[in-house]
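Enquirer: sequence unknown, structure follows:
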């Protein structure tokens, strides 16, 4: 890569992003001086520009960590240099986050920035007593910590953890700002978190490759671009889908596209479309041909142009965060019912079985998760068949059905009533933790991945290598132990419902998403320890599996009976204040009945499967012994009989 192009690319990103932000702010009128209680030009311009730097530096951090984990081996010089890029980016992230916090205070309180004690006291109150201030403080401290860790850590597993922490650092700011009105807050929050996270991976990965390209060999460069292309493809799909949802929430109608806010949305859509075309050109014409010197210069000019369009998208996004949306947000409900006052959303129609099919409450996170899970599973099966390997059809069917059930539970009628009725919540819990894992575990996704994903031979770790590392790790060995899995599965029932975690998961959208992940993982680990096909560090004997399963069934039934016969209402100020015709305690008892009866059906199914697997294991052992006896003339039995005969011929000592 020519040095001047390596400089032009990142420079184009920064310059174009800066210009795009300033122009977009003018178009939207987001920096107009206020006639009363104006925060000053420094704060008005400083907040969106500092947020732009926050977004770019966070992307640089996340992209550098992702490329270090996924594209380079730990012994490659590029691995250390990628972490150096991450350290520099996270340092800028920390400083810009602190600056954005100060500017946010000035704008929120219409307070010009000063250096006196009063402003300092106000800043202290802001960062410790308000959600927005705490979010900026958390982001600043997290970015500062990542700066130190990027310099100090060179272990690949630790870098994975750092990358996850960096992604989590986007969550606090994702739930601030334009999150839609109260009725669409959850959907808007999911969309903005997905949008920022995958945009960061997309942008940061490309910047990292551009910066490190001079130090990479031709082979390393081709591999890095190919691996980045996979990340970029997934990121493009997620960014496009989440961007559409965000625009639908904030723009609403076609007529609103002709407002200043709508115009900026159209510009961002155009930039996203151009980036999609860049991706097509990469995959069709350049990846795999980088060894041709005649094409490498054209390729890097294309990278510089793509970074320029990313700058446009980033700048417009920063301006949109400070612009007034066409749809009035935070509208108050008139003549609101108690349920509407609690949930800030219109009450769904009275519960009927038909509504479980006809009503939907879509969650973009799980729409994309299930869609990607089905796509990649089927793609793995197709890859196996193309090279002549077989894969059982029933496993594919089980995986698709399991993902469709997960899609329905997280988006269908059950999700509509889950906030209002404890019985609906418990029904979702039982399906997530018991039915879905029973469908997914026999599909053996890890085995398919290990067979379908290409093995790497350059010292880096791809999907196959990371899966093998996880499966053979001591941590996974502990979690996969049937006793530990059973304790997590059954014990989390009490820990969840009889602790403040239940309120968090019910009231807060982030808590709700955590709840789904927790139920899925604990259920999957438990089922995997009993009937799993995928590789595991150890397998418990079948008698132990049945004993653990029976004990878990009893524990689970006791929990359901406790709810069914209990008279104390869980979250009385929530479920008890909804105002439904059915008394809340009766609905809770119905939920207990669901946990006791419906929840036991998958458990009985598991017991039957374990018994069948035990019988088949005995049959296989018997057949193995018979084949061995045929080969050696049953030498083992003959030797045993000879030993008995020899003992019988020994003279016995006379009794005294």
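Expert: Great, that's in hand. Because the structure is a prediction, the values reported are computed rather than measured.

Enquirer: what ranges do the helices span in the stretch 301-450 of the chain?
Expert: With DSSP state H, counting those that start in this stretch as the criterion, the stretch 301-450 of the chain has helices at 338-343, 355-358, 364-386, 393-411, 413-417, 422-430, 436-440, 445-452.

Enquirer: what ranges do the helices span in the stretch 51-200 of the chain?
Expert: For the stretch 51-200 of the chain, applying DSSP H, counting those that start in this stretch gives helices covering 77-108, 117-129, 131-152, 156-168, 171-174, 185-212.

Enquirer: could you identify which of these is most buried?
Expert: Using mean count of other Cβ atoms under 10 Å, the stretch among the helices of the stretch 51-200 of the chain with the largest mean neighbour count is helix 185-212, at a mean of 24. All C-beta spots, glycine's among them, are computed from the backbone N, C-alpha and C.

Enquirer: got the angle for it vs helix 77-108?
Expert: If you take axes from the mean of the first three to the mean of the last three Cα atoms, to 10 degrees, helix 185-212 sits at 140 degrees to helix 77-108.

Enquirer: next SSE downstream of helix 185-212?
Expert: For helix 185-212, the following helix or strand on the C-terminal side (DSSP states H and E) is helix 218-250.

Enquirer: helices or strands up against that next one?
Expert: helix 41-70, helix 185-212, helix 260-281, helix 364-386 (3 or more Cβ pairs under 8 Å, 6 or more residues apart in numbering; DSSP states H and E).

Enquirer: rank these by mean pLDDT and give me the bottom one.
Expert: Mean pLDDT is lowest for helix 260-281 out of the helices and strands packed on helix 218-250, coming in at a mean of 87.

Enquirer: okay if I get the helices of the stretch 301-450 of the chain as a markdown table plus mean neighbour count and distance to residue 465?
Expert: Below are those laid out as a markdown table (neighbours: other Cβ atoms under 10 Å; distance: least, Cβ to Cβ, whole Å):
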| stretch | mean neighbour count | distance to residue 465 |
| --- | --- | --- |
| helix 338-343 | 17 | 45 |
| helix 355-358 | 14 | 43 |
| helix 364-386 | 16 | 16 |
| helix 393-411 | 18 | 23 |
| helix 413-417 | 22 | 36 |
| helix 422-430 | 24 | 35 |
| helix 436-440 | 24 | 23 |
| helix 445-452 | 19 | 10 |
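
Enquirer: need the least confident one among the ones you listed, by mean pLDDT.
Expert: Averaging pLDDT over each of the helices of the stretch 301-450 of the chain puts helix 338-343 lowest, since it has a mean of 77.

Enquirer: list the contacts of stretch 152-172.
Expert: Under the criterion Cβ atoms under 8 Å, 6 or more residues apart in numbering, residues 58, 61-62, 65-66, 68-69, 74, 79-80, 83, 86, 90, 134-136, 138-139, 142-143, 146, 149-150, 193, 196-197, 200, 461, 466, 469, 510 lie in contact with stretch 152-172.

Enquirer: redo the helices and strands packed on helix 218-250 as CSV? Include distance to residue 563.
Expert: Formatted as CSV, the helices and strands packed on helix 218-250 follow (distance: least, Cβ to Cβ, whole Å):
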stretch, distance to residue 563
helix 41-70, 42
helix 185-212, 26
helix 260-281, 47
helix 364-386, 26
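
Enquirer: just confirm residue 432 contacts residue 519, I think it does.
Expert: Yes: contact status for residue 432 versus residue 519: in contact at 4.1 Å, counting by Cβ atoms under 8 Å.

Enquirer: pLDDT below threshold where in the stretch 451-600 of the chain?
Expert: 599 (pLDDT under 70).

Enquirer: strands of that one, start to end?
Expert: Taking DSSP state E, counting those that start in this stretch, the stretch 451-600 of the chain contains no strands at all.

Enquirer: ranges for the helices of the stretch 451-600 of the chain?
Expert: 463-471, 474-480, 482-497, 500-507, 509-531, 542-565, 584-593, 600-632.

Enquirer: can you list these in TSV and add distance to residue 385 and mean neighbour count?
Expert: Below are these laid out as TSV (distance: least, Cβ to Cβ, whole Å; neighbours: other Cβ atoms under 10 Å):
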stretch	distance to residue 385	mean neighbour count
helix 463-471	18	16
helix 474-480	29	14
helix 482-497	33	18
helix 500-507	41	16
helix 509-531	25	21
helix 542-565	33	16
helix 584-593	44	20
helix 600-632	26	13
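
Enquirer: do you know which of these lies nearest residue 186?
Expert: helix 509-531 (4.3 Å; Cβ to Cβ).

Enquirer: just checking, what packs against the closest one?
Expert: Using 3+ Cβ pairs under 8 Å, 6+ apart: helix 509-531 touches helix 185-212, helix 436-440, helix 474-480, helix 482-497, helix 500-507, helix 542-565, helix 600-632.

Enquirer: of those helices, which is nearest residue 124?
Expert: Closest approach to residue 124 among these is made by helix 500-507 (27.1 Å; Cβ to Cβ).

Enquirer: now that closest one against helix 422-430, angle please.
Expert: Going by the same axes, to 10 degrees, helix 500-507 makes 100 degrees with helix 422-430.

Enquirer: need the contact partners of helix 500-507.
Expert: By Cβ under 8 Å, 6+ apart, helix 500-507 touches 419, 425, 495, 496, 511, 512, 514, 515, 570, 571, 574.
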